[in-house]
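A.B. asks: Next input, structure requested:
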Amino acid sequence: MISVTCSGLPWCDRIVFTIVIAISVIPVLPPSIAGETSTRPVTSEIVGALIKTERASTARLNELEASGINTVVLMLDGSDDKSKQAMHAAIANAERADLAFAYWVEVARSPELADKHPQWMASLQTHDEWRRFFPNTPRPKINEVVKTYPWVPILSREPFKAHQERVLALLANLPPPRIIFLNDLQGAPSACGCGNPLCRWTSDYGERRTTNPLGDDAAALFVKAVQAASPSAEVIPVWTTECEEHDGSADGLCAGVGCFNGICWKAYTRQLMPLAVVSEHLAVLALYKEFQRDIPHYGAAEASWVEFAIKSFETMPPQHNGTAIPASRLIAILQGWDVSSEETEAQLAAAKKAGVKGYVVAYDKIDQSWSPKIVRWK
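C.D. replies: All right, here's what the predicted structure looks like:
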């Protein structure tokens with residue numbers, strides 16, 4: 001295995017790209033998406049609310065329906081009998097409230113797989129700026145590597161297959177939904193070690209690899225696999241934007257690391273373009289407070305970053321050998337926890353101003369946290 005340590009040099013990302021593509025083969029998966037066009041059903045406008053199954057009471061769903069919600073998005077969090085029964089009850093309540101239902105699946109952030117296969121977690125190598133948030137983390141020994149618990153991205157061969165089996169088990173024996181949202185198909189937060197939760201283009205950025213990396217079409221192939229198992233639903237990937245130029249300042253989220261002008265957006269675009277071919281719609285994880293984007297940089301209006309993040313799908317890919325994705329193909333995922341009603345309305349206004357296809361307000365937290373964990377390497 002050849003590895004390359006990058007420091008924002010313009011040639012480094014091309015070398016990493018060549019190495020990854022050369023080993024990206026998974027015989028058990030659908031064929032390559034190259035040259036294909038999407039045949040997914042086109043969703044009507046979605047006005048959704050994301051909640052846990054235990055909160056999907058008839059009273060709560062009636063309340064949501066009265067507020068203008070047309071779809072309840074239910075978090076899938078278990079494949080055991082108890083979880084399945086709870087989901088069936090929530091779906092019955094949704095139907096009584098005259099609401100369509102969808103499923104929300106967390107992919108990369110998986111404590112279950114992280115505990116069972118710690119070597120599959122994304123690693124923190126090369127940059128140490130993340131240590132400003134975890135100053136007491138010991139230095140790894142020669143036979144150790146620091147991992148981002150509990151993030152197990154699908155960007156490597158072993159976790160890809162395990163996640164595919166896990167997601168299909170979650171969906172088994174449940175009624176077909178209107179939509180299946182697949183969240184976190186990218187790498188882990190602080191992928192290069194800079195500490196920015198929006199830098200998540202990789203899962204192993206350094207020499208101490210504990211998995212076999214895949215190509216840039218990994219997310220697209222994962223969506224195709226789930227779609228094949230759920231042909232009547234529209235499978236919509238949930239995508240997170242990358243870092244921004246102001247993050248590279250000494251006091252920014254990248255803490256002086258040259259992420260923005262380095263590999264981040266280039267790799268982001270290479271991963272996003274295959275996905276845009278197989279998915280008619282994409283969702284944007286626009287959690288402005290969770291991602292520390294509630295700052296004046298984006299304008300005086302509350303939640304202005306939401307509009308900025310949505311428009312980045314049109315403006316950023318063309319700058320990195322990709323094609324623009326218009327807002328009319330996007331669904332905004334907005335933060336509905338730890339915010340006021342006024343802040344929720346501000347997010348809705350920003351999303352509508354950007355011209356999205358629809359939106360989902362997450363009233364239950366979409367956990368994006370991580371912590372460093374030392375794992376044996378060899």
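A.B. asks: was I right about residue 60 contacting residue 51?
C.D. replies: Yes - at 7.4 Å, residue 60 counts as touching residue 51 under the criterion of C-beta atoms under 8 Å. C-beta coordinates here come from the backbone N, C-alpha and C atoms, glycine included.
A.B. asks: ok, these two, which is more surrounded?
C.D. replies: More crowded of residue 60 and residue 51, by other C-beta atoms under 10 Å: residue 51, with 23 against 16.
A.B. asks: quick one, what contacts that one?
C.D. replies: 60, 72-75, 363-364 (C-beta atoms under 8 Å, 6 or more residues apart in numbering).
A.B. asks: Pairing partners for the nearest residue to residue 239 once chain neighbours are set aside in the sheet, please.
C.D. replies: The shortest distance from residue 239 to any non-neighbouring residue, by C-beta to C-beta, 6 or more residues apart in numbering, is to residue 282 (5.5 Å). As for beta bridges, residue 282 partners with residue 330 under DSSP bridges.
A.B. asks: Give me the local confidence score for residue 282.
C.D. replies: At residue 282, the model reports a pLDDT of 98.
A.B. asks: so after the strand or helix carrying residue 160, what's the next helix or strand?
C.D. replies: Assigned by DSSP states H and E, residue 160 falls within helix 157-171. As assigned by DSSP H and E, the chain's next helix or strand after helix 157-171 is strand 179-183.
A.B. asks: Compute the inter-axis angle for that following strand and helix 157-171.
C.D. replies: Relative orientation of strand 179-183 versus helix 157-171 (axes from the mean of the first three to the mean of the last three C-alpha atoms, to 10 degrees): 150 degrees.
A.B. asks: Listing partners with orientation, what would you give for strand 179-183?
C.D. replies: Here strand 179-183 is paired, per DSSP bridges, with strand 100-106 (parallel), strand 234-239 (parallel).
A.B. asks: Show residues contacting the longest one.
C.D. replies: Applying C-beta under 8 Å, 6+ apart, the set of residues contacting strand 100-106 from outside is 46, 48, 50, 70-77, 90-91, 94-95, 167, 170-171, 174-175, 177-184, 233, 366-367.
A.B. asks: quick revisit: filter the contacts of residue 51 down to just the ones in strands.
C.D. replies: 72-75 (DSSP state E).
A.B. asks: so what sits against both of residue 60 and residue 51?
C.D. replies: Contacts common to residue 60 and residue 51, judged by C-beta under 8 Å, 6+ apart, are absent.
A.B. asks: Turn the ones in strands among the contacts of residue 51 into TSV, including neighbour count, pLDDT and distance to residue 356.
C.D. replies: Formatted as TSV, the ones in strands among the contacts of residue 51 follow (neighbours: other C-beta atoms under 10 Å; pLDDT from 0 to 100; distance: C-beta to C-beta, whole Å):
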residue	neighbour count	pLDDT	distance to residue 356
72	27	98	19
73	26	98	15
74	23	98	21
75	24	98	22
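A.B. asks: immediately after the worst-scoring helix or strand of the chain on mean pLDDT, which helix or strand?
C.D. replies: Lowest on mean pLDDT, DSSP states H and E among the helices and strands of the chain sits helix 12-22, with a mean of 36. Sequence-wise, the next helix or strand downstream of helix 12-22 (DSSP H and E) is strand 47-51.
A.B. asks: Show me what that following strand pairs with in its sheet, parallel or antiparallel.
C.D. replies: Strand 47-51 has these strand partners (DSSP bridges): strand 71-76 (parallel), strand 358-362 (parallel).
A.B. asks: So which residues of the stretch 51-200 of the chain form helices?
C.D. replies: 58-66, 81-96, 111-116, 157-171 (DSSP state H, counting those that start in this stretch).
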